[in-house]
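J.: my questions are about this predicted structure, shown below with the sequence.
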Amino acid sequence: MKPARDYDIRYGQDIVARGSGSWGRYVAISTPSAWKVVEPLLDHPPEGVGMNRWLDRSHLIEVSDSLPDDVDLVVGIGAGRSLDHAKLVATRKRLPLVQVPTVISTGAIIHGFVADWDGRQIVGTLAEIDCEYVLVDYGVVKQAPLHLNTAGLGDVLCGYSGISEWRRNARRGVGPAYDEAIADASEQQHKDLVA
């Protein structure tokens, strides 16, 4: 799995309208509210749209199997649920993935794994995939309610997990050497956020 720092995240105004022109034949995974915001911006419609209701394994697979296979790309549009669902669809269909977040307070933008939910309990991992790139359209994310763009505790937990992953990988000889001073500064920033 690619570390978050290596993800190709493209930012800009009207970036969805410009970027979607190169998608060819694609399917989208979204939620009704996210789809309402992004659909009018798309260069051309998808071959199918799967609506995510929740993250239960049976629902994810049912929606995935209902979408056409003869496409070139899977596009996730929305927040955590739909972005994770799109990862599963791309994995099952063996297709590249593009993510279009409608909020920025989700780790699903940069984490390639999908938890295996059985009802309301995580029982494993369903899929692991790195997306081709992420399109963060300023006009799209600004339409979300403010509380959905301020992650709070989620930011803090993701930040701490990043430090832990760095420390662990460095011990294993993977990636850059662990720098205690940088980690301390980051941890202090997280403590300030919590306070």
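T.: Perfect, thanks for sending it.

J.: mind listing the helices for the chain?
T.: Assigned by DSSP state H, the helices in the chain fall at 15-19, 32-38, 57-66, 80-93, 138-141, 153-171, 180-194.

J.: what's the most buried one of the ones you listed?
T.: Of all those, helix 80-93 carries the top mean neighbour count, a mean of 25, counting by mean count of other CB atoms under 10 Å. C-beta coordinates here come from the backbone N, C-alpha and C atoms, glycine included.

J.: got the angle for that helix vs helix 57-66?
T.: Taking axes from the mean of the first three to the mean of the last three CA atoms, to 10 degrees, one finds helix 80-93 and helix 57-66 inclined to each other by 60 degrees.

J.: ok so, going back, so for H147, which of the helices of the chain sits nearest?
T.: Taking CB to CB as the criterion, H147 comes closest to helix 153-171 out of those, the separation being 11.6 Å.

J.: let me see the mean pLDDT of that closest one.
T.: The pLDDT scores in helix 153-171 average 77.

J.: which ones are touching L146?
T.: Residues in contact with L146, defined by CB atoms under 8 Å, 6 or more residues apart in numbering, are absent; none qualify.

J.: and it, what's its pLDDT?
T.: L146 is assigned a predicted lDDT (pLDDT) of 79.

J.: point out where this structure drops to low pLDDT.
T.: Low-confidence segments of the chain, defined by pLDDT under 70: 151-158, 193-194.

J.: try it again with 50
T.: Scanning the chain with the threshold set as pLDDT under 50 gives no residue ranges.

J.: please report how far the spatially most central residue of it lies from D184.
T.: Computing the C-alpha centroid of the chain and ranking residues by CA atoms, centre = their mean puts I109 first, at 2.7 Å. Relative to D184, I109 is positioned 26 Å away (CB to CB, to the nearest Å).

J.: now swap in A108 and tell me
T.: 28 Å.

J.: follow-up on the earlier one: so for G119, which of the helices of the chain sits nearest?
T.: Nearest of those (CB to CB): helix 57-66, 9.1 Å.

J.: in terms of secondary structure, what does that closest one contact?
T.: strand 48-51, helix 80-93, strand 113-118 (3 or more CB pairs under 8 Å, 6 or more residues apart in numbering; DSSP states H and E).

J.: what's the end-to-end length of stretch 44-56?
T.: Taking CA to CA, to the nearest Å, the span from the opening residue of stretch 44-56 to its closing residue is 30 Å.

J.: run the chain-centre distance for it.
T.: Centroid separation for stretch 44-56 versus its chain: 15 Å, with CA atoms, centre = their mean, to the nearest Å.

J.: and stretch 54-69, by the same measure?
T.: Distance, centroid of stretch 54-69 to centroid of chain: 17 Å (CA atoms, centre = their mean).

J.: could I get the buried residue list for the longest strand seen in the chain?
T.: In the chain, assigned by DSSP state E, the strand with the most residues is strand 121-128. Of the residues in strand 121-128, those scored as buried under the neighbour-count criterion (16 or more other CB atoms under 10 Å) are L126, A127.
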